[in-house]
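Peer 1: Need a 3D model of the following:
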Amino acid sequence: MPSGPPALPPLEFLQLVADAQRWQLLTELSRSDLRVGELAERLGKANNLVSYHLGELRTAGLVTSRRSSADGRDTYYRIDPARCGALFHAAAAALHPALAHPTEEPARRSHGRKARVLFLCTGNSSRSQMAEALLQRRAAPAVVARSAGSAPKPLHPDAVRVMAERGIDLSGRRSKHLTRFARTHFDRVITLCDKVREVCPEFPGAPPTAHWSMPDPSAEPDGYAAFERAADEIDTRVGLLVAQLTEPPVPEGSTP
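Peer 2: Residues are numbered from 1 along each chain as shown. Predicted coordinates:
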């Protein structure tokens, strides 16, 4: 059986992420899946240096990668939130047991007007629909979620089934073309498909964008199991997104 990532004692973990460039890489990847060239541009560093630090983070199990479905020569990197969270939690608990207790659920906090989020994939038949539904359940009424596709096709029955097992009914939903929202203002636009990322238009107000590089579950060889994996991954990512959307802004010049 393949072994998992190595055990990291708290001090070793903190030393790993304390490096300024590795910390910045994790910060960038916490917002969006990105390619090496994009990360190098954001850090202002050479590709080979970024690749080295990504290798260190991958060895520790903090970052994973997958080939782009739009261009197989590209690789998207993403943070492993569960692994990072577990290691930060263990480090906090090692410092003092009181720090191991969970804090307030961020999804229950609301700070002013509703945030509007648009999820995009090619067909709007599974990934973006699941993301829309999961965000609605977690964050309504503080967040309004919508989804669309660049080439809509009917909702996949396995997407309906996998959401039904999570207590969400998608059966009455319909796929929509992204042009339907061409004049809508959003606070965040998230692509879940490598192909749609390449054709994603600009939306009014130039909202921040993020990319979740996820394979199309309908194209995977193991059928329904691929939809279960997709739903689990989207649910994890949505949890992180909720925390970002509902966290109050830090006043300029203050210390977080």
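Peer 1: Low-confidence ranges, this protein, go.
Peer 2: 1-3, 101-112, 246-256 (pLDDT under 70).
Peer 1: Toward the C-terminus, what is the element adjacent to the helix or strand hosting residue 160?
Peer 2: Here residue 160 sits within helix 157-164, counting by DSSP states H and E. Going down the chain from helix 157-164, the next helix or strand is strand 188-191, by DSSP H and E.
Peer 1: Identify the residues contacting the helix or strand just after that next one?
Peer 2: On the C-terminal side of strand 188-191, the nearest following helix or strand under DSSP H and E is helix 194-199. Residues from elsewhere that reach helix 194-199 (Cβ atoms under 8 Å, 6 or more residues apart in numbering): 68-71, 74, 76, 120-122, 149-150, 178, 191, 211, 213. Yep, even glycine has a C-beta here, placed from its N, CA and C like the rest.
Peer 1: does the nearest residue to residue 79 once chain neighbours are set aside belong to a helix or a strand, and which?
Peer 2: Leaving out its chain neighbours, the residue that sits closest to residue 79 by Cβ to Cβ, 6 or more residues apart in numbering is residue 29, at 4.2 Å. If you go by DSSP H and E, residue 29 is part of helix 20-31.
Peer 1: Could you check how far that helix is from the centre of its chain?
Peer 2: 14 Å (Cα atoms, centre = their mean, to the nearest Å).
Peer 1: Buried residues in the next helix or strand after it, which are they?
Peer 2: As assigned by DSSP H and E, the chain's next helix or strand after helix 20-31 is helix 36-43. For helix 36-43, a neighbour-count test (16 or more other Cβ atoms under 10 Å) marks 36, 38, 39, 40, 43 as buried.
Peer 1: which helices and strands sit right next to helix 36-43?
Peer 2: Helix 36-43 sits against helix 20-31, helix 47-59, strand 75-79, with contacts defined as 3 or more Cβ pairs under 8 Å, 6 or more residues apart in numbering; DSSP states H and E.
Peer 1: got the angle for the shortest one vs helix 36-43?
Peer 2: By that I understand strand 75-79. 50 degrees (axes from the mean of the first three to the mean of the last three Cα atoms, to 10 degrees).
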